[in-house]
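Participant: I'd like to go over a predicted model; first the sequence, then the structure.
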Number of protein chains: 2
Amino acid sequence: MANKKKTTIKDIANVLGITPSAVSKALNDHPRISEKTKSAVLQIARNLDYQPNHLASALRKGKSNLVGVIVPRTNSHFFSSVIENIEKVLNKEGYHIIITQSNESYKKECSNIDTLLFTQVDGIIASMANETVKLDYFEKIKSKGIPLILFDRGENDLNVDYIGINDYESSHMIVEHLINQGCKRIAHIGGYKHTRIFNNRIRGYVDAIKKHELPLDNELLIESSLTTEDGREKMTQLLALKNRPDAVYVAGDYAALGALQVLNEHHISVPLDIALVGFGNEPFTAMVTPTLSSVNQHSAEIGKQAALTFLERIKTPTVKQSLNKIILDAELIVRSSSRIKET
Amino acid sequence: MANKKKTTIKDIANVLGITPSAVSKALNDHPRISEKTKSAVLQIARNLDYQPNHLASALRKGKSNLVGVIVPRTNSHFFSSVIENIEKVLNKEGYHIIITQSNESYKKECSNIDTLLFTQVDGIIASMANETVKLDYFEKIKSKGIPLILFDRGENDLNVDYIGINDYESSHMIVEHLINQGCKRIAHIGGYKHTRIFNNRIRGYVDAIKKHELPLDNELLIESSLTTEDGREKMTQLLALKNRPDAVYVAGDYAALGALQVLNEHHISVPLDIALVGFGNEPFTAMVTPTLSSVNQHSAEIGKQAALTFLERIKTPTVKQSLNKIILDAELIVRSSSRIKET
DNA sequence: TATATTTGTTCCAACGTTTGAACAAAAATA
DNA sequence: TATTTTTGTTCAAACGTTGGAACAAATATA
C-alpha cells in the first residue's frame, strides 16, 4: 500500500470543503479559526497521515529552521559531545541541524560552507579546520547576513560570537602542575601557531616557564598537527635530544596518545622518567596505560552556549553589535601519567 | 556592506533585460539557450554573487538532493568512517547529507526519522539503535516511497537493502582462532540477541564451540549493551566464576576495552591467563596495552556501497524489487591480546 | 518563393505553504 | 432598529525556480 502521492494541505481542504488557507491557519493555531474547524482539520490531517512540506513553508517564510554545523571531524568525543548539546538546545526551539565535517581540510571546509549556504540554513556554528588560515569563506557567511558562531578553534578577528575555554590559563596551570610534581625540563608539543587557541596555549606555556625560571629551550617547543601519528614523530624527536625533557605537555590528546605509545615502546617510565599531560580529556585518556592527565574542555557547556548564542542572534534581527565572547574555565584532570608525588 | 537582500534569478534577468525563465535555463545549460546568453548570465551571476535558492528548486522539482543518515553515534571510528564514505560518493552526484545520531535510543531514532522526513530528504541510510525492537518508524519511511538503506545494525525482515559483514562466519573465525591458540574454555560477551547481527555472532560462537566439542556453558555466554562500562561489569562477572574462562570474545571493541581494563586491574595476564578478542577494529584497539585483537568491518566499503545502493534506487524509479543484500567478508586482526603461540 | 525546420526566447502555470486584505455573517452595542 | 465590533472564512499574491507550450525570427529545405 505504497502511498506514493503525499497528502497536502489542499487534500485536507477538499475533504472538509474549506480553503487551503483555512487549513494552514488551523494547523498553525491561528486565533481567528474556530475550534471546530481546528479539530476537524487535525483529525483529517491525522487520518491522511499529513506531513507538512517543509520546503514550501521554508520558501514562503524565508527561513529553513536548519542550522549548519561544521567540525573538523565527528569521531572525537569533544566534537561529538558539542554537537549533541547543540542539537538538544536547538531541537527544543524547532530547529534541526546539518552536520558536516571538514576533515581538517580548508578546501573541504569551503565546500561545506557552500553546501550549507546552498541548503539555506538559518545560521552556522563552526569550529575551524587546522589548515584554515584564510577567512574568506567565513566572511562569505557573514555577508549573507546569517548568524555565524564559532567555538573552540575559531577565536580570531572575524568579529563574530565565540565560545571557548581559557587556553592561556589552562596551559599555565598544566605547566605549574608539572613543576609542582618536580619536573624541571618541560617540553611542549603544541598545535599550529596560526590557530589562536594553540597560540594561546603556547603563550601560556612560555610565560609559565619564564615565571618559574626554567629553561626555555627552542628544542623543547615543537609545532605539530596534533594527530596521533605526528605525536609519535614529535615524541621520537624529543627522545633523540642529548638533553631529554622530564615532562612533555601535548596540546591535544590524540597526539599525546602517540607520544605515550612511543614512550611505552621505549620502556621509558611514565611519569617517573618523563611525565605526560594531554589536552581535551577524550575518554581514552582514562583507558590507556598509564592513564593520561588531561584538560576537560566542558564540551557539553560549549555546545549549549553555542546554540543559545545562535538563538539569541536569530531573535534579535537588529544588528545588535555587542559581541558574545564566552570563555569557560577548563579543568585539569590529573591522572597517572603526571602523578609523581603522592598527594 | 551587509548584502541583506539575496540576489535571485529575477535580478539577473532584469540586468540583462531577459526573462527569469531564460536565466534559469541558461544556468541549467539548456540546449536551446544561446551561448551568448549563457555566458552573459554566468557573468552577471558571478558579479551579483548569485546563490541558487535550493528550497525553491527543490520544491519545484520535488526532490531535495538531501540524504538523511542515522547512526547510533558519530564518535566511533566505524560510524564516522562509514559517514565519510557515504558523503564522498554522494557529493559527487550532487547530493548532500544530513547526519543525525540516535544515541542508541529508540525514541531519539523516531524523532530523527521525523526530522528527516520533515526536511524532505530523498532517502535515508541508517544503522539502528540498540534499543530498537519495533520497526514501525522504519515502515513509515518505506511507506513514504523514498529509499531506505540499512547497514551494520539493520539486518531484519523489513525487506530493504542492507550492507553489512558476515557476522556468523566472523564469529566462527574468532572462536577457531582462539582454539588454535590453545584456549579450551571460551566465553562470549555478546550484544542484544534481538539485534540480528549480534544474534548471528552468538550463533557463530555457539556453532564453533559445538563443532570443536568444547564446553558450551551458560555462564560463559553473556548478553551485554556493549558499552565500555558494561564490558567492565560483565568481565567482573566472568572473573567471579568458580571455573574461569581462558579466553573471552567480546562482540564490540568498547566493551572489550572495559573487559581489558578489569583484567589489567586484576593483574591477570592477557593473553596468557585469559586471551581477549574484540570486534570492530576501532583505532584504540591498536593503542591499548596489550594491543587488542579485533575484526575489521570494512567501514569505508560499507559506506561506499550504502551510497551506491541509494543512487541505484533513485535512478530506477520503477519499483524494482530485487533486494540488494551486500555482505562483506570481515577480517580478523590478530594482536597481542590473543597471540599465545608464536607463528 | 513558399514551406518546413531549427533556434532562442517568452509566457504561464506549477510546486505547497503562508499571510494580509477583504468580506460576509454573527454578535454586541448604541 | 441601526450601527459597530467581532468572528470565521475566502481571496489573491507571494516565496524562487522550473519546464512545457507557444511563438517569432532565423535558417534550411523543397
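Facilitator: Here it is on my side, so go on.
Participant: before we move on, what SS does A:Pro52 have?
Facilitator: coil (DSSP: H, G, I helix; E, B strand; the rest coil).
Participant: distance of it from A:Ser64?
Facilitator: 13 Å (CB to CB, to the nearest Å). Placement of C-beta: from N, CA and C, glycine included.
Participant: Quick check on these two: which one has the bigger neighbour count.
Facilitator: Between A:Pro52 and A:Ser64, counted using other CB atoms under 10 Å in any protein chain shown, A:Ser64 has the larger neighbour count: 23 against 15.
Participant: so what's the residue most central in space within chain A up against?
Facilitator: Nearest to the mean C-alpha position of chain A, counting by CA atoms, centre = their mean, stands A:Phe79 at 4.7 Å. Applying CB atoms under 8 Å, 6 or more residues apart in numbering or on different chains to A:Phe79 gives the contacts A:71-73, A:127, A:299, B:75.
Participant: got the CA positions of the helix or strand harbouring A:Ser57 in CSV?
Facilitator: In the assignment (DSSP states H and E), A:Ser57 maps to helix A:54-61. C-alpha atoms of helix A:54-61 as CSV (Å, rounded to 0.1, in the frame of the first residue of the first chain):
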residue,chain,number,x,y,z
HIS,A,54,9.0,21.9,5.0
LEU,A,55,10.4,23.1,1.7
ALA,A,56,7.3,25.0,0.8
SER,A,57,6.9,26.6,4.2
ALA,A,58,10.6,27.5,4.4
LEU,A,59,10.4,29.1,1.0
ARG,A,60,7.4,31.1,1.9
LYS,A,61,8.6,32.1,5.3
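Participant: Give the next helix or strand downstream of that helix.
Facilitator: Per DSSP H and E, the helix or strand that comes after helix A:54-61 is strand A:66-71.
Participant: how does chain A divide into domains?
Facilitator: Segmentation of chain A into domains, based on automatic domain parsing, reads A:9-52, A:64-165+A:299-328, A:167-297.
Participant: so how far is the first residue of the second one from its last?
Facilitator: The straight-line separation of the ends of domain A:64-165+A:299-328 (CA to CA, to the nearest Å) is 31 Å.
Participant: pLDDT on it, on average?
Facilitator: Averaging pLDDT along domain A:64-165+A:299-328 gives 91.
Participant: Is any residue of it near DNA strand D?
Facilitator: No - for domain A:64-165+A:299-328, no contact with DNA strand D is found by CB under 7 Å from any atom of the strand; the gap never falls below 9.2 Å.
Participant: and that domain, how far from the chain's centre?
Facilitator: Distance of domain A:64-165+A:299-328 from the chain centroid (CA atoms, centre = their mean, to the nearest Å) equals 8 Å.
Participant: Now the two most distant members of the contacts of A:Phe79.
Facilitator: Farthest apart among those by CB to CB are A:Ser127 and B:Asn75. That separation is 14.9 Å.
Participant: can you pull out the strands in the stretch 51-200 of chain A?
Facilitator: A:66-71, A:96-101, A:123-126, A:148-151, A:161-165, A:186-190 (DSSP state E, counting those that start in this stretch).
Participant: by how many degrees do the second one and strand A:66-71 diverge?
Facilitator: Between the direction of strand A:96-101 and that of strand A:66-71, the angle (axes from the mean of the first three to the mean of the last three CA atoms, to 10 degrees) works out to 20 degrees.
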